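S.K.: Starting from these lines, generate the structure:
(one chain, ligands or ions: 1)
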Amino acid sequence: MNSLLTRWDTDFALPPFADIRDSDFAPAFEAGLADARAAIGIIAGDTSPPSFANTIEALELAEETLNRVAGVFYNLAGADSTPDREALQRDLAPKMAAFSSEVTMNSALFARIEALWQGRDGLGLSAEQTRVLELYRRMFVRAGAALDGAAQGRMAEVKERLAVLSTAFTQNLLADERDWWMPLAEADLEGLPDFVVAAARAAAEERGRDGHVLTLSRSLVVPFLQFSPRRDLREKAYEAWVARGANGGATDNRAPAAEILALREERAQLLGYDSFASYKLEPEMAKTPAAVRDLLMRVWDPAREKALADADVLTGMMHADGINGDLEAWDWRYYSEKRRLAEHDLDEGELKSYFGLEAMTQAAFDCAGRLFGLEFRPLDTDLYHPDARAWEVTRNGQHIAVFIGDYFARSSKRSGAWCSTFREQRKLGGDQRPVVVNVCNFAKPAKGEPALLSWDDARTLFHEFGHALHQMLSDVTYGFISGTSVARDFVELPSQLFEHWLEVPEVLDKHARHVKTGQPMPAALRDRLLAAATYDQGFATVEYVASALVDLAFHDGAVPTDPMAVQAKVLAGIGMPHAIRMRHATPHFAHVFSGDGYSSGYYSYMWSEVMDADAFEAFREAGDAFDPETAQKLERHILSAGGLEEADTLYTAFRGRMPGVEPLLKGRGLWDPAE
Ligand SMILES: [Zn+2]
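M.R.: Numbering: from 1, shown residues only. Got it, this is the predicted structure:
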């Protein structure tokens, strides 16, 4: 019996993880695809006149089985991969892309949607239904439904090839991250705080070795670069870290990246756009490449100026250490940490003792409770990995969602942090409540030790939880516009906004307690932490904006035959500071090449930050970070609304106006209103 295809008779209809075997996936996908094809064939072949119910609503329900199976599989492939799962993922990529093309290029189906759209005024549709119809039509047109036969065929080939390439890109990156590690002798541990030593020991254990090893996991390599006084080891680790995807051989990502860019360009041209960026930005809040470049450049100049001034200070510190020459990329974090200690007296090691994973999870839950009335109850249930945990989320005793937190790094998990769903919210065909997961890569503590987070980690936890709220509080009829199904440059608003609550002093007082003593963080330490929030923002902004500008250059204008050369040209053109590199260089720029999500869209974090800075200001203006009326508006117009309306309409409904760039510059300490 294939447990993926049976009725899930579990609590909250969670996937029956304990019964699912890897061998179930391939046949379940086959069955899901067959079901979906049959259902769509019936819709397209219907001889009765098209109606919203027999076309759009039927489409909404046509992929039930497939969505259920894919919901389990892709979550596992990201969070707990195995060679078998990787092989199946490679196998599925072209099949799923082909299926998707088959649907969007089904001319009989498109004709029904087009007829509905043309006659929409006479259909008596609700506002939500009109919006869903509009978005379906837009999806079909943008996928090539209105193209002639030959162009459609080529479009399908292009998409299939893109799916194969982006899967390869992801897997190459995972392979490079998994295959590199550096043993650390006892002497190499000098200067490293306990939590780094513990993480290096855990990493060694995971690889079946004694002692300590350094891996390329961000939560291990970044603190190593911050704390290790060994310049030679820092250089070695840094160079390995930034060489991911560019090591030559079978896992090199430079050729796939070039091919991906060429195919995207072809795709945009088939649809009549002058560049992939114009095509991609059309449904976004930004709308045009010029608007994106304008925002990025308004931030670039003040950020670069700040970073160059900081580089001078750090170079001086390095020279005082007796090391001559230029400050290099592997020196920045080390001297910056020293400077932070000197100027802000913030000791990352000391700080970590106040950010237990357990307490920070409770802090996120507590904020969600105070803002939106949500309650969280631990669930005792089988999940896909022993490190993952689940909670039932309720409000006034009513079931809202199941939330899964999967927080620790492991070699089977891809890097980064993300939020996804096993099941999304919708009301069509019965009230379906979501199952939402947050996946992070926090260093796992040694046995018996509490898990500690850095300030960055804690922010990541809050960030992903903000996405989770967007999914859990979703309240729409159609899955197509549920939760985070919004413009890409709007989707980071709930997540980045939620990060602000971690900085609320009363939240820190209540939850940031010493893991051993239970004492609250001393007020002086807390104030220093908050004062240091804008510390090194020149660096952070420069490494981010540089990546966003390279992403934009790749997709706007002539397609680069040599992306690495274009990357170098863009960086030279903007005067990239010598000691700072892109946050993500091309060969490991997964946002841009692991899929289409953030291609010519990496700017969207900053676009969202413009809004989150301004949105949190609404709570400040109300005089209370938990102001009930503002929280209610936030839920009504943004967190529950999904893609009900265009993003600027939703934002304006919440705030009464659109935001400017000033709160962001102020928030990052890059703009002084007195100047
Ligand atoms: Zn995010």
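S.K.: now for the helix or strand hosting residue 30, which elements pack on it?
M.R.: Counting by DSSP states H and E, the element that carries residue 30 is helix 25-45. Helices and strands in packing contact with helix 25-45 are listed as helix 58-61, helix 64-79, helix 83-104, helix 107-118; criterion 3 or more CB pairs under 8 Å, 6 or more residues apart in numbering; DSSP states H and E. For every residue, glycine as well, the C-beta is placed using N, CA and C.
S.K.: which SS class is residue 272?
M.R.: Following DSSP: H, G, I helix; E, B strand; the rest coil, residue 272 is assigned to coil.
S.K.: Could you report the distance from it to residue 490?
M.R.: As for residue 272, its distance to residue 490 is 25 Å (criterion: CB to CB, to the nearest Å).
S.K.: The two: which is more packed in?
M.R.: A side-by-side neighbour count of residue 272 and residue 490, using other CB atoms under 10 Å, places residue 490 first with 23 against 10.
S.K.: how about the helix holding residue 30: buried residues?
M.R.: 25-26, 28-29, 31-33, 35-37, 39-40, 43-44 (16 or more other CB atoms under 10 Å).
S.K.: Need the residues that contact it.
M.R.: 2, 4-5, 54-55, 58-59, 61-70, 72-73, 85, 88, 91-92, 95, 99, 102-103, 106, 108-109, 112 (CB atoms under 8 Å, 6 or more residues apart in numbering).
S.K.: Correct me if wrong, but residue 407 is in a helix.
M.R.: No: secondary structure assignment places residue 407 outside any helix; it is strand (three-state DSSP).
S.K.: Please report how far it lies from residue 48.
M.R.: Look at residue 407 and residue 48: by CB to CB, they are 51 Å apart.
S.K.: which of those two has more neighbours?
M.R.: Relative neighbour count places residue 407 above the other of residue 407 and residue 48, with 24 against 6, counting by other CB under 10 Å.
S.K.: correct me, but that one touches residue 461?
M.R.: Yes: counting by CB atoms under 8 Å, residue 407 touches residue 461, with 7.5 Å between them.
S.K.: Residues in contact with both of these two, list them for me.
M.R.: Common neighbours of residue 407 and residue 461 (CB under 8 Å, 6+ apart) are 357, 438, 440, 442.
S.K.: Narrow those to those in strands?
M.R.: Of the shared contacts of residue 407 and residue 461, the ones assigned to strands by DSSP state E are 438, 440, 442.
S.K.: Now render the residues you listed as a markdown table, adding distance to residue 173.
M.R.: Supplementary listing: those in a markdown table, determined by distance: CB to CB, whole Å:
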| residue | distance to residue 173 |
| --- | --- |
| 438 | 21 |
| 440 | 18 |
| 442 | 20 |
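S.K.: could I get those as JSON lines with distance to residue 325 and pLDDT?
M.R.: What follows is those, written out as JSON lines (distance: CB to CB, whole Å; pLDDT from 0 to 100):
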{"residue": "438", "distance to residue 325": "43", "pLDDT": "98"}
{"residue": "440", "distance to residue 325": "37", "pLDDT": "97"}
{"residue": "442", "distance to residue 325": "35", "pLDDT": "95"}
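S.K.: Please report how far the residue lying closest to residue 106 once chain neighbours are set aside lies from residue 71.
M.R.: When the adjacent residues along the chain are set aside, residue 106 lies closest to residue 44, with 5.3 Å between them (CB to CB, 6 or more residues apart in numbering). Distance of residue 44 to residue 71, computed by CB to CB: 25 Å.
S.K.: residues near residue 422, how many?
M.R.: A count of nearby residues for residue 422, using other CB under 10 Å, gives 23.
S.K.: repeat for residue 252
M.R.: Neighbour count of residue 252, defined by other CB under 10 Å: 15.
S.K.: now residue 317
M.R.: Residues near residue 317, counting by other CB under 10 Å, number 18.
S.K.: ok, the residue in the stretch 51-200 of the chain that the ion sits nearest to - contacts?
M.R.: Closest approach between the stretch 51-200 of the chain and the ion, counting by CB to the ion: residue 78, at 14.4 Å. The neighbourhood of residue 78, defined by CB under 8 Å, 6+ apart, consists of 413, 414, 418, 420, 439.
S.K.: do the same with residue 146
M.R.: When contacts are counted by CB under 8 Å, 6+ apart, residue 146 is found next to 110, 140.
S.K.: Buried among the contacts of residue 78? Need that as a selection in PyMOL.
M.R.: The PyMOL selection below is limited to those of these classed as buried (16+ other CB under 10 Å):
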select buried, resi 413+414+420+439
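S.K.: Closest to the ion out of the contacts of residue 78?
M.R.: Within the contacts of residue 78, the smallest distance to the ion is 7.4 Å, found for residue 418 (CB to the ion).
S.K.: show me the contacts for the closest one.
M.R.: 78, 438, 439, 464.
S.K.: do residue 590 as well
M.R.: 169, 170, 173, 415, 416, 584.
S.K.: the helices in the stretch 351-500 of the chain, which residues?
M.R.: For the stretch 351-500 of the chain, the helices identified by DSSP state H, counting those that start in this stretch occupy 357-372, 455-472, 488-502, in order along the chain.
S.K.: Switch these over to CSV; also include distance to the ion and mean pLDDT.
M.R.: Formatted as CSV, the helices of the stretch 351-500 of the chain follow (distance: least, CB to the ion, whole Å; pLDDT from 0 to 100):
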stretch, distance to the ion, mean pLDDT
helix 357-372, 14, 98
helix 455-472, 6, 97
helix 488-502, 4, 95
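S.K.: returning to that earlier point: just send the contacts of residue 418 back as CSV, with distance to residue 138 too.
M.R.: Formatted as CSV, the contacts of residue 418 follow (distance: CB to CB, whole Å):
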residue, distance to residue 138
78, 28
438, 30
439, 30
464, 29
